[in-house]
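# pasting a predicted model and its sequence here:
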Amino acid sequence: MTAVGVGRGVARPPTPPTGGGAGPQPSASGGATPGAEVRRSARSGVVGLLGAAVNGACGFVLTAVVVRVLGAPGAGAMFSVIGLVSILGPLCCLGADTALMWALPRRAAGPSGDAARLLPLAVVPTLGLAVLVAAAGWVVAPAVDAALLGSGDATLVRLAFVGLPVFTVATVLLAAVRATRPVTTYVGVQLVAVPLARPLLIGVAVAAGGSVTAAFAGWLLPLAAAAVAAGLLVAGPLGVTRARLRPTAADRRWFWGFALPRAVSTVIDAGGMWFGVLLTAALAGPAEAGVFGAVCRYALAGLLVMQGLRVAIAPQLSRLLGAGRRAEAAAVHRRITAVVVLLSWPAYLLLAVFAPAFLALFGAPFAAGAAPMAVLAVAMLVNVGVGTVQTVLLMSGNSRGHLAAAASGLALYLLGCLVLVPRHGALGAAVAWSVGIVAENVIAAVLVRRTLGEPLAGRALAGTALAALAGTGAAAAVGVAVAGRGPAGLALALGLLAVGALVPLGNARVRAGLRAARALVRPGRAGPQQSAAPAFHPPDRPPTPEVVP
């Protein structure tokens, strides 16, 4: 199987020899209308957004706990080993996690279906590679510690390598959960349970006199529990105990033809901030790395809205694109992008303007992160402004195109870090990452436009973007003019935004639109379901366990 060429439609799976049909199932369309697909994505999107909100709140709590109790050098060490796992872990996954999310919605589940045999095809090679990398890492841990941390004690680095098999199994099995269970199941495990457990365990470890190593163990343990839970959750829908689990040669070609290009781009996606953290630690010291890591937490928090919606729509997009229903897929993308812009742009504008107020949460040593945060916030406006193009590109089967976009952004990012970080520290890393973010998203948007043959934006998105810019910009300007860029100015701006959001409720047309939106997301019959899995659930690239704490 070759990934889809740009503008040439979508990749088609082979028909397995044993029945069950690997191609798009007739029930995938089943007479569903474009409006039904939008309603389906809206309902599941609400669940994803709620999970993203919980995850984001817990991420802030976790970051606050880490930087407050460990300080800038300790936080830099903690972020560095998390970054090590976040880069090597996705590499060990070999793209199998995203491949499962792309492939399972196109297969028939249950004991008589052909979906279950993809599970060992994904788990066995990835776990084997993770164990080999962990063993090699154990040996070279002293050298890695000397290069990154300079602590003279390789225990923390060794624990990070031991965590690689745990990370790999959890990531692959959670991807299968997202493709076979309702979205609420994945959200409950990955976006609620794991983020809630991490700050609690880290806090307990440090309060008991534990070191950074004990704190990192608190970060890792919830992943192990999630892996066990995911294995139990996925067994039922796939009929693992009774289904034929031996994959065919056609299965291997089809699955790994998509997965292997994605393996490289997954490392780039998951390692986003961590490349900068590691290079900043090596070129400018752990304290600058701690500042950059704290700033990145805020920047990534704004992506949780988009990640939450990806949780809802990726398998749906795979199903639509697998059936050649590109106009409906484009309609879902446009609607989701408008929601992402409406909810995310105000947050990023406030981050850019009131960076000192947000960083005050972490204490005085992190005040130097104001300029890096403003730079990253502007770049993230572009990231969320193009919407779910990365998801659409992957779910169309074009993992090679996604790799090309991600590699281009990474090359600019790393080059920028090497040039800017030695002199400018965290600010240089932020500028370098921003250049990479913009480049990757622009390239991905061009590829998706050519693949779908449909517009990616419309008048509704343009109006939403202008309203977000105008409303938030006016509130921020008043806040700065009256009270400055500190907490008081931020509070005033937020108050003005809240009042401004209530004013339109006096308009009858706005109230009617809100009632229609409530009806859109109200639980009910969503039309025919796909045979391989419930028709709405999980996404493309995860908010992977390491990227979103």
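Cool, the structure landed. Residues are numbered from 1 along each chain as shown.
# after the biggest helix by length in the chain, next one along is what?
Counting residues, the longest helix found in the chain (DSSP state H) is helix 34-93. On the C-terminal side of helix 34-93, the closest following helix or strand by DSSP states H and E is helix 96-103.
# packing partners of that following helix?
Contact analysis of helix 96-103 by 3 or more C-beta pairs under 8 Å, 6 or more residues apart in numbering; DSSP states H and E lists helix 118-148, helix 155-180, helix 249-270, helix 304-322, helix 389-395 as its packing neighbours. (Each C-beta comes from the backbone N, C-alpha and C, glycine too.)
# residue ranges in the stretch 351-500 of the chain under the pLDDT threshold?
Low-confidence segments of the stretch 351-500 of the chain, defined by pLDDT under 70: none present.
# picking up where we left off before, quick one: closest of the helices and strands packed on helix 96-103 to V435.
Proximity to V435, assessed across the helices and strands packed on helix 96-103 by C-beta to C-beta, is greatest for helix 249-270 (14.3 Å).
# the next helix or strand after the closest one packs against which elements?
As assigned by DSSP H and E, the chain's next helix or strand after helix 249-270 is helix 272-284. For helix 272-284, the contact count by 3+ C-beta pairs under 8 Å, 6+ apart identifies helix 34-93, helix 118-148, helix 286-301, helix 399-424, helix 426-452 as packing neighbours.
# winner for burial among those helices?
helix 286-301 (a mean of 27; mean count of other C-beta atoms under 10 Å).
# now do stretch 112-130, average pLDDT.
Per-residue pLDDT values across stretch 112-130 average out to 90.
# where's it relative to the chain centroid, distance-wise?
Computed by C-alpha atoms, centre = their mean, to the nearest Å, the chain-centroid distance of stretch 112-130 equals 22 Å.
# quick one: V204 from N383, how far?
Between V204 and N383 the distance, using C-beta to C-beta, to the nearest Å, works out to 35 Å.
# before we move on, what about T391?
13 Å.
# and whichever helix or strand L232 is part of, how far out from the chain's middle?
Taking DSSP H and E as the criterion, L232 maps to helix 212-238. Offset of helix 212-238 from its chain centre (C-alpha atoms, centre = their mean): 18 Å.
# and stretch 369-377, by the same measure?
21 Å.
# repeat that for stretch 193-208.
Its chain's C-alpha centre lies 22 Å from the corresponding centre of stretch 193-208 when counted by C-alpha atoms, centre = their mean.
# could you dump that stretch to CSV, C-alpha only?
Taking Å, rounded to 0.1, in the frame of the first residue of the first chain, the C-alpha atoms of stretch 193-208 are listed here in CSV:
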residue,chain,number,x,y,z
ALA,A,193,-7.6,9.9,35.2
VAL,A,194,-3.9,10.2,34.2
PRO,A,195,-3.7,14.0,34.5
LEU,A,196,-5.5,14.0,37.9
ALA,A,197,-3.2,11.3,39.3
ARG,A,198,0.1,12.9,38.2
PRO,A,199,0.2,16.0,40.3
LEU,A,200,-1.1,14.1,43.3
LEU,A,201,1.6,11.4,43.1
ILE,A,202,4.4,14.0,42.4
GLY,A,203,3.2,16.1,45.3
VAL,A,204,3.2,13.1,47.6
ALA,A,205,6.6,12.0,46.5
VAL,A,206,8.2,15.5,47.1
ALA,A,207,6.4,16.0,50.3
ALA,A,208,7.8,12.8,51.6
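# contacts for that stretch, please.
Contacts of stretch 193-208 from elsewhere in the structure, counted by C-beta atoms under 8 Å, 6 or more residues apart in numbering, are 54-55, 58-59, 61-62, 65-66, 69-70, 214-215, 217-219, 221-223, 225-226, 229, 545, 548-549.
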